[in-house]
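1. coordinates only, no sequence provided:
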């Protein structure tokens, strides 16, 4: 009997010692620390930008930015009307001075006559069908004169974007103009690089071969 | 097979043989190792709950005085941790307001700006990453969430023959997550927003399992937010920093919407696909959209959750 007692004491001592050693092992990480996962890079602040991708003439004026290229009569003469020239495919030929303009309004560039929108007698004005001429910074009614249903959606708030306060009694709001999102000369919405994909599982999200980009 | 040590000792007081002794000590060794390993995390426990927080009452039972104290405590905690003095408010629902979100699937281009603007506004953990919005890419003509992909990463979006569907908390009128919460840490407010009291949540994750939209997220680790990106405009039921072990989810940017502003995901959308407002106001954009547009989707409508988040198409 005595012998068994001794033995159990011994077993207990050994087990306790083992326990202490194990605690120490876990505490001081004797088996090493797993390599930390690579940090997730912070998102580029450009993706947090709330401005529309394009600044309209109205924006440029209110921000007091350079609007020289809107000063048509630096180059044009008041009483000399520009005559449009078209190539064999009925595409408008754009003069070198306006090379930053890419005309591509609608399929096959259907809306390519500058004077569909610009007043031919006063270049500083816009001209829509059925309404008097508009100031350059007031282009939304111009777009609406041809895009009636879209204008209606825009007015109801379903097309375009309203920024600021949903509660109009608490603060200001701004309905973004068509030209904040559409270049009047090439109004298709341009494609862009998406912001980073989720990192839930920490896999590196490189452009995957499985889903090649198909547009632009 | 090893002899069963228990059985041996039960039969008659017999001395352990060498074999069963080795077996038993191996067994005990493994057990001890497990115990030792399980104690390890205690060492990392640095932010023990303060007595003040421990004794805090349920949100709905806090008097204005209690709340003022709680907000002070949160301010202090944020200051200690981030070195930034926040402006923490307890914002209540406005009278005669019920929020509705509408998302135009014809417009969404899948750029994911909303995902990141949301993280910035709502002080979401960046590493490990937690996001309230997931943008699903789906082939045209289908609406099968099962076939969607949210890891897409092409050079340019939108991609041909696909559309994108951002999913976040649908702010259900009949929220399953609220029903399963054993401690009432989450509830629906008068303006329709389902909120979570992060100080009351016990982290059981029942709500996560109950949510059909995977909109609820658990903080498995301590959230990390770089100091310089902390948004100091905070609300108690909104974007105040969370701790490890609690749930969180989209709350329609309570800290913005309850002071009359649009949510952050809407403000950042370059395509104007996101619409938000008070459905009880007949002049609001969402009211006009819901009364004039014809095609709507309430995600997983058949479950009877009755989302306040509507997807629509321009037709």
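-> That came in fine, so what should we check first? This structure is a prediction, so every number in the text was calculated from the model and none was measured. Numbers count the residues shown, from 1 in each chain, chains lettered A, B, ... in the order given.

2. for the one helix or strand residue B:21 maps to, packing partners?
-> Element membership for residue B:21 (DSSP states H and E) is helix B:18-39. With contacts defined as 3 or more Cβ pairs under 8 Å, 6 or more residues apart in numbering or on different chains; DSSP states H and E, helix B:18-39 has these neighbours: helix A:2-27, helix B:5-11. Using the backbone N, CA and C atoms, a C-beta is placed for each residue, glycine as well.

3. just after that helix, pick out the following helix or strand.
-> Sequence order places helix B:51-54 as the next helix or strand after helix B:18-39, per DSSP H and E.

4. what's the next helix or strand after that next one packed up against?
-> Going down the chain from helix B:51-54, the next helix or strand is helix B:64-82, by DSSP H and E. Helix B:64-82 is packed against helix B:51-54, strand B:87-89, with contacts defined by 3+ Cβ pairs under 8 Å, 6+ apart.

5. neighbouring contacts of the longest one?
-> Helix B:51-54 has contacts (Cβ atoms under 8 Å, 6 or more residues apart in numbering or on different chains) with B:69, B:73, B:199.

6. over to stretch B:205-225?
-> By Cβ under 8 Å, 6+ apart, stretch B:205-225 touches B:82, B:123-128, B:130-132, B:134, B:167-170, B:176-182, B:186, B:203, B:241-250, B:299-300, B:303, B:305.

7. just the buried residues out of those, in ChimeraX syntax.
-> If you want just the buried ones from those in ChimeraX, going by 16 or more other Cβ atoms under 10 Å in any protein chain shown, the selection is:
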select /B:82,123,124,125,126,127,128,130,131,132,134,167,168,169,170,176,177,178,180,181,186,203,241,242,245,246,247,248,249,250,299,305
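
8. just the contacts of stretch B:205-225: which are in helices?
-> B:82, B:176, B:177, B:178, B:179, B:180 (DSSP state H).

9. and those residues as JSON lines, adding distance to residue B:271?
-> Below are these laid out as JSON lines (distance: Cβ to Cβ, whole Å):
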{"residue": "B:82", "distance to residue B:271": "34"}
{"residue": "B:176", "distance to residue B:271": "31"}
{"residue": "B:177", "distance to residue B:271": "30"}
{"residue": "B:178", "distance to residue B:271": "33"}
{"residue": "B:179", "distance to residue B:271": "36"}
{"residue": "B:180", "distance to residue B:271": "36"}
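
10. so what's the residue at minimal distance from the centre of chain A up against?
-> In chain A, the centroid-proximal residue (Cα atoms, centre = their mean) is residue A:53; its distance is 5.6 Å. Residue A:53 makes contacts with A:181, A:190, A:192, B:270, as judged by Cβ under 8 Å, 6+ apart.

11. if we go to 7 Å?
-> Contacts for residue A:53 (Cβ atoms under 7 Å, 6 or more residues apart in numbering or on different chains) come out as A:181, B:270.

12. pLDDT value on it, please?
-> pLDDT recorded at residue A:53 is 92.

13. do the same with residue B:146
-> Looking at residue B:146, its pLDDT reads 84.

14. please apply the same query to residue B:97.
-> Looking at residue B:97, its pLDDT is 97.

15. how deep is the residue in the stretch 51-200 of chain B positioned nearest to chain A tucked in, by neighbour count?
-> Nearest residue of the stretch 51-200 of chain B to chain A (Cβ to the nearest Cβ) works out as residue B:154 at 3.3 Å. Per other Cβ atoms under 10 Å in any protein chain shown, the neighbour tally for residue B:154 reads 21.
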